[in-house]
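Asks: sequence and predicted structure below; questions after.
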There are 6 protein chains.
Amino acid sequence: MKQNVETFLGCESGYADAKIVLFGAPFDSTTSFRPGARFGASAMRHESFGLETYSPYQDKDLCEMSVFDCGDLELCFGSPEAALADIEKKAAEILGDGKMPFLLGGEHLVTLGAVRAAAERYPGLHIIHFDAHADLREDYLGARLSHACVMKRCWDLLGDGRIHQFCIRSGEKEEFAFAKEHTDMHRFGFEGLSQLTERMREERTPVYFTVDLDCLDPSAFPGTGTPEAGGVNFQSLLEAILLVGKTNIVGADVNELAPMLDASGASTAVACKVLREMLLAVYGE
Amino acid sequence: MKQNVETFLGCESGYADAKIVLFGAPFDSTTSFRPGARFGASAMRHESFGLETYSPYQDKDLCEMSVFDCGDLELCFGSPEAALADIEKKAAEILGDGKMPFLLGGEHLVTLGAVRAAAERYPGLHIIHFDAHADLREDYLGARLSHACVMKRCWDLLGDGRIHQFCIRSGEKEEFAFAKEHTDMHRFGFEGLSQLTERMREERTPVYFTVDLDCLDPSAFPGTGTPEAGGVNFQSLLEAILLVGKTNIVGADVNELAPMLDASGASTAVACKVLREMLLAVYGE
Amino acid sequence: MKQNVETFLGCESGYADAKIVLFGAPFDSTTSFRPGARFGASAMRHESFGLETYSPYQDKDLCEMSVFDCGDLELCFGSPEAALADIEKKAAEILGDGKMPFLLGGEHLVTLGAVRAAAERYPGLHIIHFDAHADLREDYLGARLSHACVMKRCWDLLGDGRIHQFCIRSGEKEEFAFAKEHTDMHRFGFEGLSQLTERMREERTPVYFTVDLDCLDPSAFPGTGTPEAGGVNFQSLLEAILLVGKTNIVGADVNELAPMLDASGASTAVACKVLREMLLAVYGE
Amino acid sequence: MKQNVETFLGCESGYADAKIVLFGAPFDSTTSFRPGARFGASAMRHESFGLETYSPYQDKDLCEMSVFDCGDLELCFGSPEAALADIEKKAAEILGDGKMPFLLGGEHLVTLGAVRAAAERYPGLHIIHFDAHADLREDYLGARLSHACVMKRCWDLLGDGRIHQFCIRSGEKEEFAFAKEHTDMHRFGFEGLSQLTERMREERTPVYFTVDLDCLDPSAFPGTGTPEAGGVNFQSLLEAILLVGKTNIVGADVNELAPMLDASGASTAVACKVLREMLLAVYGE
Amino acid sequence: MKQNVETFLGCESGYADAKIVLFGAPFDSTTSFRPGARFGASAMRHESFGLETYSPYQDKDLCEMSVFDCGDLELCFGSPEAALADIEKKAAEILGDGKMPFLLGGEHLVTLGAVRAAAERYPGLHIIHFDAHADLREDYLGARLSHACVMKRCWDLLGDGRIHQFCIRSGEKEEFAFAKEHTDMHRFGFEGLSQLTERMREERTPVYFTVDLDCLDPSAFPGTGTPEAGGVNFQSLLEAILLVGKTNIVGADVNELAPMLDASGASTAVACKVLREMLLAVYGE
Amino acid sequence: MKQNVETFLGCESGYADAKIVLFGAPFDSTTSFRPGARFGASAMRHESFGLETYSPYQDKDLCEMSVFDCGDLELCFGSPEAALADIEKKAAEILGDGKMPFLLGGEHLVTLGAVRAAAERYPGLHIIHFDAHADLREDYLGARLSHACVMKRCWDLLGDGRIHQFCIRSGEKEEFAFAKEHTDMHRFGFEGLSQLTERMREERTPVYFTVDLDCLDPSAFPGTGTPEAGGVNFQSLLEAILLVGKTNIVGADVNELAPMLDASGASTAVACKVLREMLLAVYGE
């Protein structure tokens, strides 16, 4: 008899064979508005069995891929620095074994841990960032390690022109001004993405791909801490993921599902499908 | 004094005069993921009073149609075969009286009961099927009478080229392969529908029209057991219904509303409006 | 120490300096289907802190505007006439001080109070009305002061050709017939709006702008008493608001958010963003 | 074929044979806090099928009683006076036919309509009132016809010593002072009830029995507009109902279930059981 | 690296060492009213991490016990007979290995599978049954394998005087009459339980212990398909469990948690605590 | 015109005159299970208008007391130490002005800030602590500033025999062992409270009174992060509050309401009533 095992749908490879390693970061201590993203990773695993492993969009099947799901990290609530250190360590270990870390948030701050590890290994790292919010504040109510600052902290590491932001439709005036000077921000949608990914593909740029699910419109994805009207629909996001999947992805994450906020379960179902399509798209040949 | 009576909005004709007969099949015992569709028919009746009888889309009014609502069948939970037999019997009775049976599910398996009756009466029957899921499995966890197999069971009855599927975006690899050989599957949307209905209209093909409401995107319709991102919006569905309404409909159903899953009531309201538009569209002159 | 104060985000001007004055009308006693709009104004204030004051759509910031929020009126439940009198009095006072009244509903009937005050002051008043429902009934179950009659009551005041209705997709046959003769009704969407606002702008027409949030599709806005499928999305509504903002607005309102009906909070978040964009758009130079 | 009919469980007698006549008053326009009681009567009917007709507490069965359920009145939202007039008329008709009116609210104000009819017919009428709230205000925000004033309005009709209040644990200081002089108020629970009902039984006092379900503790009954901690549990309420059932009941009601406020359905299930036990208790021999 | 593993709190023994074996039966196809018990076992595991392993009531700790959790069976929805056969087989295997099967429902019908296995092995088996409902119907809408008939089916196996029922407060008149002749029914509460368990203890009677969580009052446990007012509170249930724990338990189950029906999570938390206390109580020395 | 002001019901004194000062601490970053207590203070204010100012239990009226509500602190999410420093500073300021600080949580950790200030001013301080959980862990997943450790941190300040715990029914084995040596723990209920408060009253012991609302049973109070069955009911808690109110209270708090977890609103209503009774009880003559 085997013990009860819960992984994301179809991610049943052993670690040694795996090309991608999923791990969860159930952390939302800096969420300023409505918490609950801590339950996102676990909900995606739990509800993934409502999905099929096969994607008719990509004509690929998760069953034919080698993905290992090592479950959730046990993170210290109330200490962002300790949580980020644990995430960075895990991501570094996976990268060190020649595999791709794929992080399931949690709030968006968790991305910083994985980006630190990826930037250490790939000094030329770029970030492709889908989000409703610019996340470029210097601090938030005094805290520099906050979900509202995560891209600013990534910029601290990577510098100008390395962060490519899409779907952004919310932020302070100063964040938009900062973006004009220092990041490659595309407001409201995905305009410019195909040119960018084409260029990255040619240059074999190492890319970290981070998806804050609130880039979706609240109609498609109400189950998130800070829903922001005016977002993209699922089909647009899917097309964008397929474009990004053609670049040289070295790490990825999906975050900000707060499953309890959408009792219908539709947001969790959407998140599962986004994750399936991301896994299939970034897996490579 | 009259006793309390609850029918779908404006469906207050007597049986003798009725051209369409509504009946509910509150059954969801084979639902594999999230049950609740058993409450769909009752919720549609109950909430229909938030709607108007008049459709500005079709410039028609339910008050001017003769529709009889005979309420819900009392079905045996836990026995799909018994439930299907009861549904088939009721549908056959309505067809025998020269009226159109219009079934309110319930899970999608209930369609099989009505299709059996319709195929008996109209040997040349075709099915127009709107759904997110292919429903073409041979069996599901050992059960051949399951919502995930309903179109396969219909194919057992009707054979190749008689099932026309639209909006399909989920299924196992094998289901899509089967569809290529045996059904007329249109993935993701309604492409090809107008040509099909045009041809059917000319040939006076007898059509059974089945709508699984999860063909809609979860943004428009979260209140269903297995929401599947990437669906159509209400306007597209409405246009498709108007196209199908021009064919020779001999039976119809709408199913998979699970009202408790969407506490906002919006899914039920959408289902009511879809049902009103379907009734007006298939009523004929 | 100051006492606890809750205003809509960024609306912290004093009364004397204010150009716009927000006030809430927590009234829903005539709501025939699902009540709860009484909590709309309060929820918008309370949840507005999830938004930014800055709009990237208009490149304007609420912090740079002078808006005063005087909180909710204390209205008598169960007496529509008394409630309307109180609303009219408050709106008249604000107009008398040379400021723009901006009413937060509440059910749509509250609009009538503000329109009475505005029509008194601006005899040439026109109304721009975004709504799913025609609201043109003569009476509803015997009541002439009902949300379902509010535009008919406005027409009683203003007469033919002064009410411009958009997004209308629900009503009795008689309401659509009435509209053909007496109002300027645009069904389903915003077709014709840019021509209308262009003309109004040239003629400096005084405009009262009323937005029933159920003009939005239920996918974008389920949290309302009578969700009606087939509505516009947020982007379309935003563009329409920007068009209307170029006319000579003398009063405005936004209504029919019933926050408890959408436990995800997404509807409230959408309403807050609509309100921010309306405030920025109608503020003028 | 019969049309779809929904009555409260087991209440399927014809009108002529009935000893008790159920009718619903879906009205909550004066509710000052959280509306929704308008859906109470309909929810009780709809969910009653989760109950049995047999009571092991009383060893009686609803199937052996003659109760007619004539459905819900169609009341004018927004006009308390009109609604009360309709309720009074219906109750008077039932009383005139020698039957007992049993009203399903709705907010508590609806009781006044039935009490008016009963007091007209039985000049010596007393009221037994179970409630968390005294409901003895002279007016509420200016309205004299408000749920918060209903017992004061009954007192206007009946005068001192005719209203017997139990479970009261909320009210303004003035209401408690008024009660000391004019009503027979028993705070917090049912102390004194057995003596009262014994005396009434001997004197054959005609009794109107009104149960505001918020007399129950919020743990047992959260689904109500104004839950008030410190109430009785179901067993205590049941015993009290059995005591009252031994008096000469000429009319009764149960009110203030707001089913949407308790999504678990437990409040509705409790209300159904209270109603079953009340019907069995007041039915007499 | 280990794969993600989810067991009930503290149940991390290997199979070989285990004295108790937990297994889930996610089945609710015969539920006649509100389904959802299929999610009960999984929710208990998932939410058990909000509990401690230590019980101050029993001064025992789950960490010091050897319990193996083998996860959920994969059961065929829509076929009660097939599901029962799978459950019986699993229970028989566990019993055959000299361990105690502990079943997590699911609807109450699942008990029949485990009772069949236990009665096969222990011909003198008695059942202690806590439930709101008698479950003694001969059939339900034609089905003999229904949750409403489960104790009748157990009686078919065991015969008179072997089923000891407590807390029963709902059923048809016939069920109560049947119980008088054939079972040992204690209505409403636990009266008589201490005498019974004392006697069983002396006689070393082999006992199957089945707890339908709806024996609890809906105030304590709203998250169940058919909440029935008038139940016991948690403390009473706990004391009863401790009494039963002193008998010779050979199999046990806990069922009818429908977690989605109580969005507050309190019902699931209560179920977890009941399960912890049952495990500690039946574990023996 | 005055701006919109939201205080807790009846707490409308100015600061200078106030004897008690309410302030909110919307913090829940260390909550390990289900967050949401950050919304507690705000929800209590917002929903308090469903209550009366008058208590029939104490025959006192909040309108006759002088209580100032200074709203919520703006705390840094993600930094427990910074949050505690802000709370301590505010409490010290209030104490320095000769007033009683009354803190509205937030998670239970916030108590530590106020206790630090009170212990500084009153070196002989004792704590009376009502809670389901012992909160005596040395650290939780590495964090020493966690809600699960708050009483241990208070003990670090105050030492043995100064913390009096009631209703405790959950904790690790080690916490109960620690309590035996170092605190005055009363498990499950309020046994021993009247003797304790009698003695404290005689000795004029300065008391800090902290109420974690999860001391209540989940039936009475499901809206909290970690509901724990087996708690006290409202009446017991009320009696206990009245006893404590007779001691020399120098500071108090009420915490752990997570309003979104109980959508019925009943938990918030209970919390409001507990707060009203606490204010009236601790106010003194």
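Replies: On my side now, so go ahead. Just so it is clear, the model here is predicted, and its values are computed rather than measured. Numbering: from 1, shown residues only, chains lettered A, B, ... in the order given.

Asks: can you give me the buried ones in stretch A:42-50?
Replies: Buried residues in stretch A:42-50, defined by neighbour count with 16 or more other CB atoms under 10 Å in any protein chain shown: A:42-48, A:50. Quick note: C-beta positions are derived from backbone N, CA and C, even for glycine.

Asks: determine which two of those residues are furthest apart.
Replies: Using CB to CB, the pair of these lying farthest apart is A:S42 and A:G50, separated by 15.0 Å.

Asks: could you pull out the strands for the stretch 51-200 of chain A?
Replies: Taking DSSP state E, counting those that start in this stretch as the criterion, the stretch 51-200 of chain A carries its strands at A:54-55, A:60-61, A:67-72, A:100-105, A:126-130, A:163-168, A:184-187.

Asks: for B:D253, which of these is the nearest?
Replies: Evaluated with CB to CB, the strands of the stretch 51-200 of chain A place strand A:54-55 nearest to B:D253, the distance being 27.2 Å.

Asks: weakest of the strands of the stretch 51-200 of chain A by average pLDDT?
Replies: Per-stretch mean pLDDT for those is lowest at strand A:67-72 (a mean of 92).

Asks: report whether that strand contacts chain F.
Replies: No - applying CB under 8 Å from any CB of the partner chain, one finds strand A:67-72 separated from chain F by no less than 12.4 Å.

Asks: from the buried residues of stretch A:42-50, which ones fall inside helices?
Replies: Secondary structure assignment by DSSP state H places A:42-47 of the buried residues of stretch A:42-50 in helices.

Asks: quick one: closest of the strands of the stretch 51-200 of chain A to A:A117.
Replies: Here strand A:100-105 is closest among those (CB to CB), at 7.2 Å.

Asks: any residue of the closest one touching chain E?
Replies: No - Strand A:100-105 stays clear of chain E (CB under 8 Å from any CB), getting no nearer than 11.1 Å.

Asks: partners of that strand, with directions?
Replies: Strand pairing for strand A:100-105, determined by DSSP bridges: strand A:20-25 (parallel), strand A:248-255 (parallel).

Asks: for the closest residue to chain D within chain A, give me its contacts.
Replies: Chain A approaches chain D most closely through A:A263 (8.3 Å), counting by CB to the nearest CB. When the contact criterion is CB atoms under 8 Å, 6 or more residues apart in numbering or on different chains, the partners of A:A263 are B:261, B:263, C:263-264, E:263.

Asks: just send these back as JSON lines, with secondary structure and pLDDT too.
Replies: Shown next, in JSON lines, are these (DSSP: H, G, I helix; E, B strand; the rest coil; pLDDT from 0 to 100):
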{"residue": "B:L261", "secondary structure": "helix", "pLDDT": "95"}
{"residue": "B:A263", "secondary structure": "coil", "pLDDT": "92"}
{"residue": "C:A263", "secondary structure": "coil", "pLDDT": "92"}
{"residue": "C:S264", "secondary structure": "coil", "pLDDT": "94"}
{"residue": "E:A263", "secondary structure": "coil", "pLDDT": "92"}
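
Asks: beta partners of A:I168?
Replies: Note on A:I168: beta-bridge partners by DSSP bridges are A:R187.

Asks: swap that for A:D212, sorry
Replies: Beta-bridge partners for A:D212, by DSSP bridges, are A:N255.

Asks: low-confidence ranges in chain A?
Replies: For chain A, the stretches with pLDDT under 70 are A:1-5.

Asks: any chance of the strands paired with strand A:100-105 in JSON lines, with distance to E:D135 too?
Replies: Converted to JSON lines, the strands paired with strand A:100-105 look like this (distance: least, CB to CB, whole Å):
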{"stretch": "strand A:20-25", "distance to E:D135": "41"}
{"stretch": "strand A:248-255", "distance to E:D135": "45"}
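
Asks: so who does the residue of the stretch 51-200 of chain A at minimum distance from chain C touch?
Replies: Across the stretch 51-200 of chain A, the shortest distance to chain C (CB to the nearest CB) belongs to A:K173, at 4.5 Å. A:K173 is in contact with C:54, C:61, counting by CB under 8 Å, 6+ apart.

Asks: got the residues of chain A near chain F?
Replies: By the rule CB under 8 Å from any CB, the part of chain A lying against chain F is A:28-32, A:34-36, A:38, A:74-80, A:82, A:140-143, A:145-146, A:260.

Asks: mind doing that once more with 7 Å?
Replies: A:28-32, A:35-36, A:74, A:76-80, A:82, A:141-143, A:145-146 (CB under 7 Å from any CB of the partner chain).

Asks: in helices, which of those fall?
Replies: A:80, A:82.

Asks: report the spatially nearest residue to A:K19, omitting neighbours in sequence.
Replies: Nearest residue to A:K19, sequence neighbours excluded (CB to CB, 6 or more residues apart in numbering or on different chains): A:S66, at 5.1 Å.

Asks: spit out the contact partners of the residue lying closest to A:S264 once chain neighbours are set aside.
Replies: In this structure, A:S264 finds its nearest non-sequential neighbour in B:P222, 3.9 Å apart by CB to CB, 6+ apart. For B:P222, the contact set (CB atoms under 7 Å, 6 or more residues apart in numbering or on different chains) comprises A:264, A:266, B:261-262, B:267.

Asks: out of the residues you listed, who's the most crowded?
Replies: Sorting these by how many neighbours each has (other CB atoms under 10 Å in any protein chain shown) puts B:S267 first, at 33 neighbours.
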